[in-house]
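1. Return atomic coordinates for the entry below.
(one chain, ligands or ions: 3)
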Amino acid sequence: MADDLGTRTSEFIGRLTGALGPKGVSTDPAEIEPHISDWRGRWKGSTPVLVKPATTEEVSKAMTLCAAYGFAVNPQGGNSGMVNGSVPQGEVLISLKRMNKVREVDTLNDAMTLEAGVILTRAQEIADENGKLFPLSLGAQGVAMIGGLISTNAGGVGVLRYGMMRDLVLGIEAVLPDGRIWNGLRALRKDNTGYDLKHLFIGAEGTLGIVTAATLKLFAKPAVKETAWAVVDSPAKAVELLQIAKTATGGAVTGFEIVPKLALELVFKHIPDTRDPLPSTAAWRVLIELSLPREEGARGLMEALLSDAIEKGVVADATICESEAQKAMVWKIRESIAVAERAHGKALKHDVSVPVSRVAEFMERGAELARAVAPGVDIIAFGHVGDGNIHFNVVPPAGVDQDAFVGKEGLKVSEAIHDLIASLNGSISAEHGIGRLKRDELAWRKSPVEMDMMRAVKKALDPDGRMNPGRVL
Ligand code: FAD
Ligand code: 2HG
Ligand code: ZN
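-> Residues are numbered from 1 along each chain as shown. Ligands and ions are numbered 1, 2, ... in the order given. Okay, here's the model as predicted:
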């Protein structure tokens, strides 16, 4: 094997091309370009080679060669991650986008086995075509892929009823850093045969190996969805409304999202074909979705819970969507917030969670804190109030250098917000993960015992530290 880096790299790329064929390997800068920066344009990276395996065996061959030549690896799905995990920093970039086959749909077992490169909207369609529901849903669903969603343990807007990606995975196939293939594609709901290793890979952000396929849970499709848009005066009222909705519907609430007025204004400004379903000067809106097994009585249930909430002074005003187009409009408004915020400019993002009972307190105290540490900031706090996950984003005042603010200058704001989160027994990463963005902070936020256990797992599966170095740990 050649010694100097340049020769070693060309020899490695030659052997990769021999093993995977020309379709599986690219050094073309134009093809590599979209893979080496993140969707917000905040981070930029580089890679000597883009590898595009089409099968698990090809992933295994690529990983075996990376191990032989001592190259670090960065796996990539849709590159929609929010924490600077999927942008390569000189590692060999392995894109799973060609691994997009449906291996099996077993409707009697309510399960489907998909490869890692299947895009989430396609996974939802496959379920639908088979008369079932795959309930994971999030703003990046047109690009995010099964392998990336598993590796980040993605959440989104259905967690309240169906759980996070971790709750939707029955089995996993993965390629280990040394190239060995682990077939853990079990489709069982009960399997107590020692450590449940799939859970190590779910949320590992590519630090332990490459997920190549997964067996996912399917659910019965609801016969009807009732969707409403409610105006509330405060996050505290939103949390009260959540309780009213849950109590009235016996577990039928599948979506419960909070939207502040500023986010609405940005959406209407930057996203074409969006308009306010219920104009009001009030500060907050809530999107409520109920999923029900029969049409009969469904509308009445939503009407009754909203009337009750209005009578109790919890809701100021509300409208129930009359058509599929209206439902699509309120979801479009909600799902476009991240994109509208990006169009507005840079922001310090805090993807945090607290117990639902403390969401209102967090949002109030968090806003006061951020404004005290950085006077003049705007706050866009929105999202998954139904499961205690708020995206608490802090926008720099006009005229302030945005890059400096989301870089070093904003650190004091983030530390204050995360200290508050810690005092409320919350998490500094509810659903987006750690990546490179929160890696240093994780090391001192978690207890030494927890960090030791995580490092021990990493050492056991990736002893040379070649999988996504600098992410998570
Ligand atoms: P990538 O971004 O490509 O990768 C993410 C991480 O996983 C990286 O560390 C990467 O190295 C690793 N990885 C990727 N594929 C594999 C694999 N096959 N094996 C091992 N490691 C791998 N997230 C939420 O949880 N909820 C939301 O509501 C949500 N909304 C979003 C809205 C928008 C507009 C955007 C842009 C993003 C949103 N996200 C959300 C974040 C993002 O979509 C998720 O983190 C998603 O799971 C990433 O999937 P991906 O395929 O793009 O992964
Ligand atoms: C969402 O819920 C995403 O829309 C994005 O998780 C959150 O942009 C964000 O801060
Ligand atoms: Zn989110």
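
2. per-residue pLDDT, the residue nearest to S291 when sequence neighbours are not counted?
-> Using C-beta to C-beta, 6 or more residues apart in numbering and skipping the chain neighbours, the partner closest in space to S291 is P222 (3.7 Å). For every residue, glycine as well, the C-beta is placed using N, CA and C. P222 carries a pLDDT value of 97.

3. Tell me where the stretch 201-350 of the chain has strands.
-> For the stretch 201-350 of the chain, the strands defined by DSSP state E, counting those that start in this stretch occupy 210-217, 219-220, 224-232, 253-260, 284-292, 317-320.

4. so what does the least confident helix or strand in the chain by mean pLDDT touch, helix or strand wise?
-> Scoring the helices and strands of the chain by mean pLDDT, DSSP states H and E places helix 402-404 at the bottom, with a mean of 90. Using 3 or more C-beta pairs under 8 Å, 6 or more residues apart in numbering; DSSP states H and E as the contact test, no helix or strand touches helix 402-404.

5. Which residues belonging to the next helix or strand after that helix are considered buried?
-> Once helix 402-404 ends, the next helix or strand along the chain (criterion: DSSP states H and E) is helix 411-423. Across helix 411-423, burial judged by 16 or more other C-beta atoms under 10 Å covers 413-414, 416-418, 420-421.

6. For N425, see how far away the closest residue to ligand 1 within the stretch 301-450 of the chain is.
-> Going by C-beta to the nearest ligand atom, ligand 1 is nearest to E431 of the stretch 301-450 of the chain, at 3.5 Å. Using C-beta to C-beta, to the nearest Å, E431 is found at 17 Å from N425.

7. Equivalent analysis for M82, please.
-> Distance, M82 to N425, by C-beta to C-beta: 23 Å.

8. if we can go back for a sec, have a look at E431 and N425 and say which one is more surrounded.
-> E431 (24 against 10; other C-beta atoms under 10 Å).

9. Return the residues in contact with the more buried one.
-> Counting by C-beta atoms under 8 Å, 6 or more residues apart in numbering, E431 makes contact with 152-156, 159, 164, 351, 353, 384, 389.

10. taking these one by one, which sit in strands?
-> With DSSP state E as the criterion, strands contain 351, 353, 384, 389 from among the contacts of E431.

11. so which pair among the residues you listed is furthest apart in space?
-> Pairwise distances across the ones in strands among the contacts of E431 peak at 9.9 Å for D351 and H384 (criterion: C-beta to C-beta).

12. Find the residues that touch each one of these two.
-> 430-431.

13. buried set for stretch 132-150?
-> 132-141, 144-150.

14. distance of D419 from I172?
-> In terms of C-beta to C-beta, D419 sits 36 Å off from I172.

15. And the residue nearest to F219 when sequence neighbours are not counted, its phi and psi?
-> Using C-beta to C-beta, 6+ apart and skipping the chain neighbours, the partner closest in space to F219 is L133 (4.5 Å). Per-residue torsions, L133: phi -120, psi 130 (degrees, to the nearest 10).

16. can you pull the contacts of P463?
-> By C-beta under 8 Å, 6+ apart, P463 lies in contact with nothing.

17. Just the pLDDT at the spatially most central residue of the chain, thanks.
-> Nearest to the mean C-alpha position of the chain, by C-alpha atoms, centre = their mean, lies A154 at 3.7 Å. On pLDDT, A154 comes in at 98.

18. likewise M1?
-> At M1, pLDDT is 58.

19. surely the residue nearest to the centre of the chain meets G163?
-> No. Taking C-beta atoms under 8 Å as the definition, A154 is not a contact partner of G163, at 11.1 Å.

20. Pull up the gap between the one residue in the stretch 151-300 of the chain that gets nearest to ligand 1 and ligand 2, please.
-> For the stretch 151-300 of the chain and ligand 1, the shortest gap (C-beta to the nearest ligand atom) falls at G206, measuring 2.9 Å. G206 sits 19 Å away from ligand 2, going by C-beta to the nearest ligand atom, to the nearest Å.

21. mind listing what that residue touches?
-> Neighbours of G206 in contact, by C-beta under 8 Å, 6+ apart: 74-75, 85-86, 151, 467-468, 471.
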